[in-house]
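build me a model:
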Amino acid sequence: MAIREILTVPHPVLKQVSKPVDKVDDDLRRLMDDMLETMYDAPGIGLAAVQIGEPIRVIVMDLQEKPEGAEPDAEGVKKPRYFVNPEIIWRSEEVAPYEEGCLSVPEIYDEVLRPSKVKLKYLDYNGNAVEEDADGLFAVCIQHEMDHLEGTLFIDHLSKLKRDRAITKVKKLTRAA
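Coordinates of the predicted model:
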């Protein structure tokens with residue numbers, strides 16, 4: 001496994017629409033393992049392949065839960081998830097706000113309204129077809145990551161002024177690094 005570079009705005013690859021994956025094989029599993037290691041290192045809870053320069057329809061995610069009674073900075077129990085060619089097949093009419101951030105837009109957080117529940121279908125790490133309901137943080141995260149597959153960042157849901165300010169701030173941060 002290897003840690004990959006995470007692209008940041010305004011990198012043009014982040015605006016590309018990702019292509020479907022033909023099959024889940026060992027090469028794809030290696031990529032997903034690299035993505036997961038990169039996400040944990042960042043640290044983040046979700047990562048789309050396009051964020052590491054691979055515009056294909058693959059997402060990894062881990063919504064770790066802290067063990068009962070754990071210290072606030074304790075590591076959670078790792079529960080990696082893999083989504084190949086994910087599709088949302090139903091969205092609730094009810095929407096909910098959530099303050100989002102993004103590894104490709106570091107240090108920027110803002111509230112985004114999204115459907116509070118979705119149903120999705122995808123292939124898992126082994127290429128098995130899965131259909132699943134998502135709500136809460138899972139629903140927010142999967143929709144956020146699936147936006148990446150369409151070339152959309154969470155800041156694209158904000159006003160032009162907020163979006164432009166976010167991009168300017170990230171450019172300054174990356175120049176200073």
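
so what touches stretch 167-177?
Outside of stretch 167-177, the residues within contact range by C-beta atoms under 8 Å, 6 or more residues apart in numbering are Thr8, Val9, Pro10, Val105, Pro106, Glu107, Ile108, Ile155. Heads up, the C-betas are built off the backbone N, CA and C, glycines and all.

wait, what's in contact with Pro106?
By C-beta under 8 Å, 6+ apart, Pro106 lies in contact with Thr8, Val170, Leu173.

repeat that for Glu5.
Ile52, Gly53 are the contacts of Glu5 under C-beta under 8 Å, 6+ apart.

am I right that it sits in a helix?
No: read with DSSP: H, G, I helix; E, B strand; the rest coil, Glu5 is coil and lies in no helix.

ok, it to Val130 distance?
30 Å (C-beta to C-beta, to the nearest Å).

now, the contacts of Pro106 that are in helices?
Val170, Leu173 (DSSP state H).

buried subset of the contacts of Pro106 as a PyMOL selection?
Only the buried entries of the contacts of Pro106 go into this PyMOL selection, using 16 or more other C-beta atoms under 10 Å:
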select buried, resi 8+170
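
hang on, Ile155 is in a helix, isn't it?
Yes: under three-state DSSP, Ile155 falls within a helix.

you'd agree it is up against Leu14?
No: if you go by C-beta atoms under 8 Å, Ile155 and Leu14 don't touch, sitting 10.6 Å apart.

ranges for the strands of this protein?
46-48, 58-61, 81-91, 95-102, 105-115, 117-123, 129-135 (DSSP state E).
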